[in-house]
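1. Starting from these lines, generate the structure:
(2 chains)
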Amino acid sequence: MAPSTPDDNLLQQRLERGLPRLLAGGNFDHRRDIDEFLAEDALLDEEIDRVWDQVTAQQAQPQPRRPIWWGMAAAGVVAVLGMGGFLGLMRGQSPTPGTDLLRLQNLRRPATPAQALAQRLEERWSTVAHRAPRAAVIQTRPQNAGGAAVVLLQSSGEPSVDRMAVAVAGELAAGAKDQWTLTFETDGRVQVSEAVVSRP
Amino acid sequence: MQNLRLNDRSRLDAGESPSLGRQSRVQRLVQQWQGLAAEPGNVRSRTLQSEILRLCEPLIRQFLVQMLAEDSLGELDDLVNLTLCRVENKLGTYDSTKSAFESWLKYQCVRPIFKQHLEEIGYRTIRLDPYIAALQARLEGRQAPPANLIGRLVEGLDEAQLRPEIAKMRQMQHAGRKVILRRDPRLVPALSLNCPICPGAEKEEGFDVAAAPLHQSMDDGCRERLHQSLEALTPGERMVVLGLYFGNRSRKELAEEAGISTARVSQLLHQAYKRLRTVLGIGFFRDCLPDE
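-> Numbers count the residues shown, from 1 in each chain, chains lettered A, B, ... in the order given. Predicted coordinates for the structure are as follows:
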C-alpha cells in the first residue's frame, strides 16, 4: 500500500472530524451492512481455503511418475531415430566404388557428384521413361576437352529414347572427372555407379 | 540440545511421505531459524530466512495466480513480494506447537494481504450461480433494472459479450469454482499498489483547501454528496465508516460485532478514507470540511 502523505493525513483528520456531523440523521441500516460484509467475507474465505488446499496439494506432489512402459517406449523411439539418423548419414557419405547404387528418391540432399548427376538425369529421364520397354545402360568417360564420351551398353528397345538418354548423359556428365555407369530404369529412376571398366 | 532435537526430527522426516516433505522441511527450517533469531546479524539466520522465503514463494505465487482475475495479474509480483515481506516480518510469531506452517502462512500472511488487495482495487466476491442466471436472463431479454452488484455487472456487458461470458463462467463452475472476483463498476477506478490515489489527484491536493464559511444549505448539499459517495465503498469499508461514525461504536466493539480483528477494522477504515478522498474530491474538503 502506498504510504500516506502529510496532505493525506490532514484530509483524513478532517474526515474524522466531519463525518459524525454529516452522517447524523441519515437513514442507514448498519446491521444490513454488517450482514452483507460477513456474507461476502465468508464466501471469499471459503474460496481462499479451497484454492489454497488445491495449490498446496499440487505443490506437495512430486512430479507424476509415468508407467515404466512409457520410459521403455521413449527409449525405443530414441534408439530407432538414432539408428535411422546414423544409417542416413552413412548413406550420404561417399559411395564405395562399384557397390552402392544410388536411388534419387532416398536422397533429399545430394552430396556427391554421383548423386547430383542422378538427380539431374532423373529430371530429364522421367519424362520419357514410360516409352522405354526396358532399362537403358550407358557408360560415360571424361574427355580431355571437358566433354564426356558416352557408350550405350544396353538399349532400352526404343531408339528415340536411347538417343535422348545418350544426349542427356553426354550433356550432364560433361566435366565430370569420374567414369559412370548410368542405368535408366523404366520407372523413371536413374542409378549412377562408378564404372568398373574393363579396358580392352 | 537444540541441534540434537533437530537431528532427531530430521531422522523422523526421512521416512515420511513425499507429500509432507516440503512442509516439514519449511517447519524444520523455521525452528532452526527461531533458535538463532536472538542473534541479530547472524549469517546463518539470514541464510535460513532466505531459504524459508524461497520455499514459500512458489506456493504464494501459485495461489495468487489462481485467485486473481486476469486483469489484475499485472500486480502479481507486487503481491508476492508484499506477502513475502509479511512472512519475513511475522516469522518470529510462528508457533509450531499451535499450527502447521502452511496453515499459519495462509491465515497470517497470504489471506490478509490478499484481502487487503481486493479491498484496495475494489474487487467483490460474486456467487457464480446467480451471476450465470442473471447473464442468461439478459440474453433472453428478461433483465430487470440492476438492484445489486450482479445486476450492475451484467448491465455493464455488451450484447456480444454475454454468450462468451456465460461459457466462461460455466467452464469455471465445472472446474469447481463457486465464486468469482470482479470489480464493482460503481467503485472508483482501481487503486494500484503503486498508485497513491488516482492519476492527477496528487496535484489537486496541493491546492489551498483552507477554511470556507459553512452555511446550512451548503451543509445539506455536503450531506447529500457524502451519502452518495458511500455507495462507492465496498461493504467492508461502508460497514466500518457507518459503524464508527453513525453507529458510534468503538473499533473494538465493531470488530467484535463483525467477528473480525481490530487490525482489519483499521485497515478497512484506512482504505475507506482513501476511497472517500478520491470520490469526494478536493472541492468537498474545501466546502464541507474546512480546515479549522
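2. Now for chain A, the helix or strand with the poorest mean pLDDT.
-> One helix or strand of chain A scores below all others by mean pLDDT, DSSP states H and E: helix A:68-92, with a mean of 73.
3. so how far is stretch A:116-131 off the chain centroid?
-> Here stretch A:116-131 is found 28 Å from its chain centre; the criterion is CA atoms, centre = their mean, to the nearest Å.
4. what comes into contact with that stretch?
-> A:102-104, A:107, A:110, A:158, A:160-161, A:164-165, A:168-169, A:172-173, A:176, A:180, A:182, A:184-192 (CB atoms under 8 Å, 6 or more residues apart in numbering or on different chains). Bear in mind the C-beta positions are built from the backbone N, C-alpha and C, glycine included.
5. Please apply the same query to stretch B:260-272.
-> Contact with stretch B:260-272 is made by A:41, B:112, B:115-116, B:119-120, B:233-234, B:236-241, B:244, B:251-252, B:254-255, B:258, as judged by CB under 8 Å, 6+ apart.
6. mind running it again at 6 Å?
-> Residues outside stretch B:260-272 that contact it (CB atoms under 6 Å, 6 or more residues apart in numbering or on different chains) are B:116, B:119, B:233, B:236, B:237, B:240, B:241, B:251, B:252, B:254, B:255.
7. Chain A: helices as residue ranges?
-> Applying DSSP state H to chain A gives helices spanning A:6-23, A:30-60, A:68-92, A:113-125, A:159-173.
8. Repeat that for the stretch 1-150 of chain B.
-> Secondary structure of the stretch 1-150 of chain B, counting by DSSP state H, counting those that start in this stretch: helices at B:2-14, B:18-36, B:43-67, B:76-90, B:101-104, B:111-121, B:128-139, B:149-155.
9. Pick out the lowest-pLDDT one from the contacts of stretch B:260-272.
-> Lowest pLDDT within the contacts of stretch B:260-272 is found at residue B:119 (82).
10. so what's that residue up against?
-> Residue B:119 is in contact with B:234, B:271, counting by CB under 6 Å, 6+ apart.
11. Mind doing that once more with 10 Å?
-> Contact analysis of residue B:119 by CB atoms under 10 Å, 6 or more residues apart in numbering or on different chains lists A:1, B:191, B:233-234, B:236-237, B:264, B:267-268, B:270-272, B:274-275.
12. so how far is residue A:48 from it?
-> Distance, residue B:119 to residue A:48, by CB to CB, to the nearest Å: 14 Å.
13. Could you do residue B:263 as well?
-> Look at residue B:263 and residue A:48: by CB to CB, they are 18 Å apart.
14. swap in residue B:124?
-> Between residue B:124 and residue A:48 the distance is 15 Å, computed by CB to CB.
15. go on, residue A:118?
-> For residue A:118, the distance to residue A:48 - CB to CB - is 71 Å.
16. Looking at the two, which is more packed in?
-> Comparing residue A:118 with residue A:48 by other CB atoms under 10 Å in any protein chain shown, the one with more neighbours is residue A:118, at 27 against 19.
17. For the residue nearest to that one when sequence neighbours are not counted, give its distance to residue A:134.
-> Of all residues not flanking residue A:118 in the chain, residue A:192 sits nearest, at 4.3 Å (CB to CB, 6 or more residues apart in numbering or on different chains). From residue A:192 across to residue A:134, the span is 18 Å (CB to CB).
18. the more surrounded of these two?
-> Shown here are residue A:192 and residue A:134; by other CB under 10 Å, residue A:192 has more neighbours (29 against 13).
19. Touching, that one and residue A:185? I think so.
-> No - assessed by CB atoms under 10 Å, residue A:192 is found out of contact with residue A:185, at 11.6 Å.
20. Am I right that residue B:180 sits in a strand?
-> Yes - assessed by DSSP: H, G, I helix; E, B strand; the rest coil, residue B:180 belongs to a strand.
21. bridging residues for it?
-> Per DSSP bridges, the residues bridged to residue B:180 are residue B:126.
22. follow-up on the earlier one: show the pLDDT at the residue nearest to residue A:118.
-> 86.
23. Test of understanding: give the bridge partners of it.
-> residue A:182.
24. Please tell me how far it sits from chain B.
-> Separation of residue A:192 from chain B (CB to the nearest CB, to the nearest Å) stands at 61 Å.
25. which parts of stretch B:164-180 are buried?
-> Residues of stretch B:164-180 classed as buried: B:165, B:166, B:169, B:179, B:180 (neighbour count, 16 or more other CB atoms under 10 Å in any protein chain shown).
26. Using PDB, write down the CA coordinates of it.
-> Taking Å, rounded to 0.1, in the frame of the first residue of the first chain, the C-alpha atoms of stretch B:164-180 are listed here in PDB:
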ATOM      1  CA  PRO B 164     -18.700 -15.800 -24.200                       C
ATOM      2  CA  GLU B 165     -19.100 -14.700 -20.500                       C
ATOM      3  CA  ILE B 166     -21.700 -17.400 -19.800                       C
ATOM      4  CA  ALA B 167     -19.500 -20.100 -21.500                       C
ATOM      5  CA  LYS B 168     -16.500 -18.900 -19.400                       C
ATOM      6  CA  MET B 169     -18.500 -18.900 -16.200                       C
ATOM      7  CA  ARG B 170     -19.800 -22.400 -16.800                       C
ATOM      8  CA  GLN B 171     -16.300 -23.600 -17.500                       C
ATOM      9  CA  MET B 172     -15.200 -22.200 -14.200                       C
ATOM     10  CA  GLN B 173     -18.200 -23.800 -12.500                       C
ATOM     11  CA  HIS B 174     -17.200 -27.200 -13.900                       C
ATOM     12  CA  ALA B 175     -13.700 -26.600 -12.600                       C
ATOM     13  CA  GLY B 176     -15.100 -26.400  -9.100                       C
ATOM     14  CA  ARG B 177     -15.300 -22.600  -8.700                       C
ATOM     15  CA  LYS B 178     -18.200 -21.300  -6.600                       C
ATOM     16  CA  VAL B 179     -17.400 -17.600  -6.800                       C
ATOM     17  CA  ILE B 180     -15.600 -15.100  -9.000                       C
END
